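Student: Turn this into a model:
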Amino acid sequence: MNMNLTLLGQAISFAIFVWFCMRYVWPPIIAALEAREAEIADGLASAEKGRHELANAEKHVADILSEGKNKAQDFVLQGQKRRDEILEKAKAEAMEEKAKILASATTEAEQERNQMLEVLRKQVGGLALQGAEQILMREVDEQSHRDVLDKLSSSL
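Tutor: Alright, predicted model coming up:
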C-alpha cells in the first residue's frame, strides 16, 4: 500500500506543480512569447512597408530622372533653336554688310572711273592742243602731219 499512497502523493504533488506552473509560470512565458510574436509581426509589417516604400521611391526616382532627361532634351532643343536663330541673324547681317560694302565699292569705283575719265579728257585735250600747236608751227605738209600724229598716238 505504500506504493499506492506514494503514487497518490506523487500525483497530488504533480497536480500542484502543474497548477502552480499554469498559474504563475506559464502566463509570463506566454506573455513573452506573444510579445515576441507581435514584435516579429511588426518587424515583418515594417519590412513589407519598407519594401513598398522602396518600390515607390524607385518609381519616384525613375520619374524624376525621366523628367530631368526630358528637361535636358528641351534645353538642348532650345539651345539648338537659339543657335540656329543666331546663325540666321548673323547671316542676314553679313548679307546686309556685304551689300553695303559692295554698294560702297561700286560707288567708289564709279567715282574713281569718272575722275580718271576726267583726267584722261584733260590730258587728251592738252595733247590735242599740243599737236595742233606743233602742226601749226611747222609747215603744212602731209608727211610732217603724219609724223606729228604718229608721235601723238605713240605717246597716248
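
Student: From residue 119, how far out is the most centrally placed residue in the chain?
Tutor: Most central in the chain under Cα atoms, centre = their mean is residue 76, positioned 3.7 Å from the mean C-alpha point. With distances taken as Cβ to Cβ, to the nearest Å, residue 76 is found 62 Å from residue 119. Heads up, the C-betas are built off the backbone N, CA and C, glycines and all.

Student: returning to what we had before: would you check how far apart the residue nearest to the centre of the chain and residue 55 are?
Tutor: Here the criterion is Cβ to Cβ. By it, residue 76 lies 31 Å from residue 55.

Student: What of residue 92?
Tutor: From residue 92 to residue 55 the distance is 55 Å (Cβ to Cβ).

Student: Which of the helices or strands spans residue 133?
Tutor: helix 26-137 (DSSP states H and E).

Student: measure residue 116 to residue 84 for me?
Tutor: According to Cβ to Cβ, residue 116 stands 47 Å off from residue 84.

Student: Ok, residue 6 next?
Tutor: The gap separating residue 6 from residue 84 is 110 Å, by Cβ to Cβ.

Student: again with residue 60
Tutor: Counting by Cβ to Cβ, the separation of residue 60 from residue 84 is 36 Å.

Student: ditto for residue 41
Tutor: From residue 41 over to residue 84 the distance is 64 Å, taken as Cβ to Cβ.

Student: got any ranges where the protein has weak pLDDT?
Tutor: Scanning the chain for pLDDT under 70 picks out 1-2, 135-142, 145, 156.

Student: same thing but at 90, please
Tutor: For the chain, residues meeting the criterion pLDDT under 90 lie at 1-9, 113, 117-156.

Student: still on that earlier bit, just checking, what packs against the helix holding residue 133?
Tutor: On a contact count with 3 or more Cβ pairs under 8 Å, 6 or more residues apart in numbering; DSSP states H and E, helix 26-137 meets helix 142-155.

Student: export the helix it packs on as PDB, just CAs?
Tutor: The C-alpha coordinates for helix 142-155 follow below in PDB (Å, rounded to 0.1, in the frame of the first residue of the first chain):
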ATOM      1  CA  GLU A 142      51.200 115.900-145.200                       C
ATOM      2  CA  GLN A 143      54.300 114.000-144.200                       C
ATOM      3  CA  SER A 144      55.100 116.200-141.300                       C
ATOM      4  CA  HIS A 145      51.400 116.000-140.200                       C
ATOM      5  CA  ARG A 146      51.600 112.200-140.200                       C
ATOM      6  CA  ASP A 147      54.900 112.300-138.200                       C
ATOM      7  CA  VAL A 148      53.300 114.500-135.600                       C
ATOM      8  CA  LEU A 149      50.200 112.400-135.300                       C
ATOM      9  CA  ASP A 150      52.200 109.200-135.100                       C
ATOM     10  CA  LYS A 151      54.200 110.800-132.200                       C
ATOM     11  CA  LEU A 152      51.000 111.800-130.500                       C
ATOM     12  CA  SER A 153      49.400 108.400-130.900                       C
ATOM     13  CA  SER A 154      52.500 106.700-129.600                       C
ATOM     14  CA  SER A 155      52.600 109.000-126.600                       C
END
